[in-house]
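> what would the 3D arrangement of this be:
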Amino acid sequence: MKKNIFFIASALLIFSVSCKEKEKKQEETSIASKDEVLVVEDNPPAATIIPIEHATAVINWNAITIYIDPVGGKSAFEGQQKPDIIFITDIHGDHFNPETLNELDLEGVEIFAPDAVKKQMDEGLSYKTTIIENGETKEIEGFTVKAIPMYNLREEAKDFHVKGRGNGYVLTLGEERIYFSGDTEDIPEMRALKNIDKAFVCMNLPYTMTVESAADAVLEFKPKEVYPYHFRGRPDVSDVAKFKELVNQGNPDIKVVQLDWYPNDDF
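Below you'll find the predicted structure:
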């Protein structure tokens with residue numbers, strides 16, 4: 001009888017210890033799972049966009065530095081991080097400037113540009129350049145970019161930017177979608193954009209479009225924020241205050257943000 005009691009007590013003790021170990025492991029697994037979820041949900045911060053001049057910008061995101069249409073020589077980027085990625089929209093000198101590119105530190109840098117731009121590059125720049133065409137999407141270092149058409153609609157302006165030659169770009173950086181229009185009018189491809197957080201939209205005559213056309217397009221594709229840029233024309237500078245007024249009248253939920261795209265001028 002005593003032996004039976006001893007065996008029963010021993011079995012109960014082993015079972016109790018086993019249950020406690022199991023509960024401990026389940027608790028540890030639960031904690032680890034929560035930590036893993038937190039890591040997955042820990043998205044990088046929003047991109048920082050720095051205006052340089054006219055159509056040129058620097059984007060800093062998740063330890064990556066992106067240059068958009070770098071022109072103005074190396075001095076224009078004094079104090080900025082060296083680029084990791086460069087996007088070029090078109091062949092014109094306010095978007096593609098070989099002298100500036102060759103002055104920059106391009107060690108390890110990849111350039112993305114339309115075929116028309118690559119054809120005008122020297123061998124050294126061409127070697128670093130990947131062609132991206134209208135409608136194409138590429139995965140690059142943890143983000144995606146889609147090339148959006150950019151072209152003129154008005155008969156008197158169609159020779160400035162022909163359809164299929166240049167690119168606008170939509171960059172998806174984490175949860176944020178950023179659109180740079182390049183040189184364009186209020187084309188159907190712009191109007192059809194969806195879920196844009198920040199839109200950089202050009203407006204200058206005779207080369208691109210009026211503030212009225214730009215505002216009308218913005219009201220259709222409804223970005224959360226819109227940044228008028230590339231608004232110096234010939235001879236006049238576009239009225240960005242009027243653009244803001246038109247957008248706010250049409251949809252007060254769209255935030256119009258004015259950055260200093262012309263630090264050396266009064267406008």
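> going forward, measure contacts and count neighbours with C-alpha atoms only.
OK.
> next one, pLDDT for the residue positioned nearest the centre of the chain please.
In the chain, the residue lying closest to the centroid (CA atoms, centre = their mean) is residue 171, at 3.3 Å. On the pLDDT scale, residue 171 is placed at 98.
> wait, it touches residue 142, no?
No: between residue 171 and residue 142 there is no contact under CA atoms under 8 Å: 11.0 Å.
> the residue nearest to the centre of the chain belongs to a strand?
Yes: under DSSP: H, G, I helix; E, B strand; the rest coil, residue 171 sits within a strand.
> show me the beta-bridge partners of it.
residue 145, residue 178 (DSSP bridges).
> how near is residue 202 to residue 182?
7 Å (CA to CA, to the nearest Å).
> likewise for residue 70?
On the measure of CA to CA, residue 70 and residue 182 end up 13 Å apart.
> residue 64 now?
22 Å.
> which of the two has more neighbours?
residue 182 (27 against 15; other CA atoms under 10 Å).
> the nearest residue to that one once chain neighbours are set aside in helix, strand or coil?
Nearest residue to residue 182 in three dimensions, chain neighbours excluded: residue 168, at 4.8 Å (CA to CA, 6 or more residues apart in numbering). Here residue 168 is recorded as strand under three-state DSSP.
> how close does residue 168 get to residue 65?
For residue 168 relative to residue 65 (CA to CA), the value is 18 Å.
> the two: who's more crowded?
residue 168 (27 against 19).
> give me every residue that touches that one.
Listed by CA atoms under 8 Å, 6 or more residues apart in numbering, the contact partners of residue 168 are 89, 147-150, 179-183.
> what pLDDT does the model give it?
98.
> do you know how far it is from residue 55?
Taking CA to CA, one finds residue 168 at 11 Å from residue 55.
> common neighbours of these two, please.
Joint contacts of residue 168 and residue 55 (CA under 8 Å, 6+ apart) are residue 182.
> confirm residue 160 sits in a strand?
No: under three-state DSSP, residue 160 sits outside any strand and is assigned coil.
> residues near it, how many?
15.
> kindly report the same for residue 240.
Neighbours of residue 240 (other CA under 10 Å): 18.
> ranges for the helices of the chain?
2-41, 98-103, 115-118, 123-127, 188-191, 211-221, 240-250 (DSSP state H).
> state the mean pLDDT of the first one.
When pLDDT is averaged along helix 2-41, the result is 42.
> with stretch 147-164 instead?
On average, stretch 147-164 scores 93.
> which residues touch it?
132-137, 165-170, 181-187, 189-190, 206-208.
> which of these are buried?
132-134, 137, 165-170, 181-187, 190, 207-208 (16 or more other CA atoms under 10 Å).
> show me where pLDDT drops low in the protein?
1-43 (pLDDT under 70).
> so the residue nearest to residue 182 versus residue 258, what's the distance?
For residue 168, the distance to residue 258 - CA to CA - is 20 Å.
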